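J.: Based on what follows, work out the 3D shape:
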Amino acid sequence: MSSEPFVMSPNLITFVKNAGLVCTSFGALNDDPENTKIQAEAGIIAIIVDNVPLIASVIGRGVVKGG
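T.: Alright, predicted model coming up:
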């Protein structure tokens with residue numbers, strides 16, 4: 001799903017996961033490390049980005065919650 005709703009309302013990630021669905025996002029907002037961090041901290045399963053090294057250096061592996 002496009003990242004805009006998840007960045008604006010991270011609680012949607014929990015809602016989607018509680019419905020038994022896999023939650024991922026894509027879009028231009030994901031290239032901003034702060035937006036990616038918001039989603040990762042909310043528990044999103046996967047985030048599609050253009051600049052993987054940048055985002056990985058910012059959020060690291062420790063921020064990501066279990067699926």
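J.: Hmm, Pro10 and Val16 touching each other?
T.: No: with contact defined as C-beta atoms under 8 Å, Val16 does not count as touching Pro10 (10.9 Å). Placement of C-beta: from N, CA and C, glycine included.
J.: who has more neighbours, those two?
T.: Neighbour tally, Val16 and Pro10, criterion other C-beta atoms under 10 Å: the higher count belongs to Val16, 19 against 16.
J.: For that one, give me the pLDDT.
T.: pLDDT, Val16: 95.
J.: One more: Met1?
T.: In this model, Met1 carries a pLDDT of 78.
J.: what number of residues lie near the closest residue to it other than its chain neighbours?
T.: Computed as C-beta to C-beta, 6 or more residues apart in numbering, the closest residue to Met1 that is not its neighbour in sequence is Ser25, at 5.7 Å. Other residues within reach of Ser25, judged by other C-beta under 10 Å, total 23.
J.: centroid residue for this structure?
T.: Closest to where the C-alpha atoms of the chain average out (C-alpha atoms, centre = their mean) is Gln39, at 3.3 Å.
J.: ok, then the element right after the helix or strand encompassing it?
T.: Element membership for Gln39 (DSSP states H and E) is helix 33-42. Proceeding N to C from helix 33-42, the next assigned helix or strand is strand 46-47, under DSSP H and E.
J.: Ile44 contacts Phe6, correct?
T.: Yes: if you go by C-beta under 8 Å, Ile44 and Phe6 touch, sitting 6.5 Å apart.
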